[in-house]
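Peer 1: Sequence first, predicted model second:
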Amino acid sequence: MTSSTNGTYDRRPLIAGNWKMNLDHVQGITLLQKLAWTLDDAKHDYSRVEVAVFPPFTDLRGVQTLVKGDDLDIVYGGQDLSPEDSGAYTGDISGQFLEKLGCTYVLVGHSERRTIHNESDELLNRKVQAAYRHNLVPVLCVGEGLEVRQAGTHVEHTLAQLRQDVAGLDPEQAGELVVAYEPVWAIGTGEVAGPADAQEMCAAIRAELAALFDESVAARVRLLYGGSVKASNAAAILKERDVDGVLVGGASLDVDEFANIVRFEHHLVTG
Ligand SMILES: O=C[C@H](O)COP(=O)(O)O
């Protein structure tokens, strides 16, 4: 499979479901339990393809209990974190709380945080640093809006976000990073960037990481595509050389659809 290896480093594909502000803690547990059963029935090999979910904060304790209790291989993360560790920050969630809840990952800079909450790259850089302080792997989201895409400056725009958001990381930290390219015009719209668009940007991100850090860092970082991913288009996107996974919004709320995305290798063989 082209997306899982570059010859030296094995980049295990990551299929991540971002539930956004959907599913209360009861619904979240029900969906996760069904997902685990569906993948078990399909004999999913988690060592080949990693599966992560990003539930709302209020679901995380239940998710932790289920994952631990049933010894699931599914991992999970928060949808955001505070740049601070503790204090008078009403409504914010510290990375140390996410770590305590067993989170592996945390989303940083999702376009809905950048646009609805006006999060700046300076703030996102502090959130990336906070994630590492608490042993969380940041899934850093970058990408352009429609106007930028139409102006043809999408690569430059996205790399500028990346540079600011990862400033100050050491190579070891940078090598663990996951970067999700999410063209804002393709999120929740049904519009999907083509596999070639996803590859163009992921290759540019990898080259930028090589320039900022070194080739071995760039070769280790997993790059995801996000934006209207479904079972019907996932395999073609994941076949691209520099695309190592997908960040799925809407389709992650449908167990069968999401399980079919997780099993994209099967579609590559049979589809
Ligand atoms: O985090 C996920 C992305 O925003 C994509 O969402 P979507 O699959 O609903 O377009």
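Peer 2: Sure thing, it's come through.

Peer 1: how far away is the closest residue to residue 121 other than its chain neighbours from residue 124?
Peer 2: Excluding its sequence neighbours, the residue lying closest to residue 121 (C-beta to C-beta, 6 or more residues apart in numbering) is residue 164, at 3.6 Å. Yep, even glycine has a C-beta here, placed from its N, CA and C like the rest. Residue 164 sits 8 Å away from residue 124, going by C-beta to C-beta, to the nearest Å.

Peer 1: Tell me which of those two has more neighbours.
Peer 2: residue 124 (24 against 15; other C-beta atoms under 10 Å).

Peer 1: Would you agree the more buried one is in contact with residue 107?
Peer 2: No: Residue 124 lies out of contact with residue 107 (C-beta atoms under 8 Å); the separation is 10.7 Å.

Peer 1: Return the residues of the stretch 51-200 of the chain in contact with the ligand.
Peer 2: 110, 182, 187, 188 (C-beta under 6 Å from any ligand atom).

Peer 1: Where is pLDDT lowest across these?
Peer 2: Within these, pLDDT reaches its minimum at residue 188, with 78.

Peer 1: Got phi/psi on it?
Peer 2: The phi/psi pair for residue 188 (degrees, to the nearest 10) reads phi 70, psi 10.

Peer 1: count of neighbours near it?
Peer 2: 13.

Peer 1: Ok, residue 40 next?
Peer 2: 12.

Peer 1: And it, how far from the ligand?
Peer 2: 24 Å (C-beta to the nearest ligand atom, to the nearest Å).

Peer 1: Helix or strand: which one has that residue?
Peer 2: Under the criterion of DSSP states H and E, residue 40 resides in helix 25-41.

Peer 1: Which secondary structure elements does that helix sit against?
Peer 2: strand 50-54, helix 60-69, helix 255-262 (3 or more C-beta pairs under 8 Å, 6 or more residues apart in numbering; DSSP states H and E).

Peer 1: To residue 77, which of those lies closest?
Peer 2: Among the helices and strands packed on helix 25-41, strand 50-54 comes nearest to residue 77, with 5.3 Å by C-beta to C-beta.

Peer 1: Restrict that closest one to CA atoms and write it as PDB.
Peer 2: The C-alpha trace of strand 50-54 is given here as PDB (Å, rounded to 0.1, in the frame of the first residue of the first chain):
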ATOM      1  CA  GLU A  50      -5.000   3.300  13.300                       C
ATOM      2  CA  VAL A  51      -8.500   4.400  14.300                       C
ATOM      3  CA  ALA A  52      -9.100   7.600  16.400                       C
ATOM      4  CA  VAL A  53     -12.200   9.500  17.500                       C
ATOM      5  CA  PHE A  54     -12.500  13.100  18.700                       C
END
